[in-house]
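A.B. asks: Following is a predicted model, sequence given first.
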Amino acid sequence: MASGRVGDLSEEQLNALDSFRSSMEDILRPEHDDYFCLRWLRARKFNSTDAVQMLRT
């Protein structure tokens, strides 16, 4: 089972990361790397909608 960390992501987790980045492209800066994004996704069990909502509020 994938750990949800950089370099150890399942296909589903990669899809959630892509979705999160797409949804947040208006506020993500270059220094917001995969480590930053995955932190939010892990907090919401890779539910990108919930992670986006958490970061925006």
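C.D. replies: Structure received.
A.B. asks: Give me the contacts around the longest helix seen in the chain.
C.D. replies: Taking DSSP state H as the criterion, the chain has its longest helix at helix 11-23. The contact list for helix 11-23 (Cβ atoms under 8 Å, 6 or more residues apart in numbering) reads 2, 4, 9, 28, 34, 37-38, 40-41, 46-49, 51-52. For every residue, glycine as well, the C-beta is placed using N, CA and C.
A.B. asks: and that helix, what's its mean pLDDT?
C.D. replies: For helix 11-23, mean pLDDT is 98.
A.B. asks: picking up where we left off before, in helices, which of the contacts of helix 11-23 fall?
C.D. replies: D34, C37, L38, W40, L41, S48, T49, A51, V52.
A.B. asks: Narrow these to those that are buried.
C.D. replies: For these, a burial check counting by 16 or more other Cβ atoms under 10 Å picks out C37, L38, W40, L41, S48, A51, V52.
A.B. asks: Among the residues you listed, which pair sits farthest apart?
C.D. replies: L38 and V52 (13.7 Å; Cβ to Cβ).
A.B. asks: where do the contact lists of these two overlap?
C.D. replies: Shared contacts of L38 and V52 (Cβ under 8 Å, 6+ apart): none.
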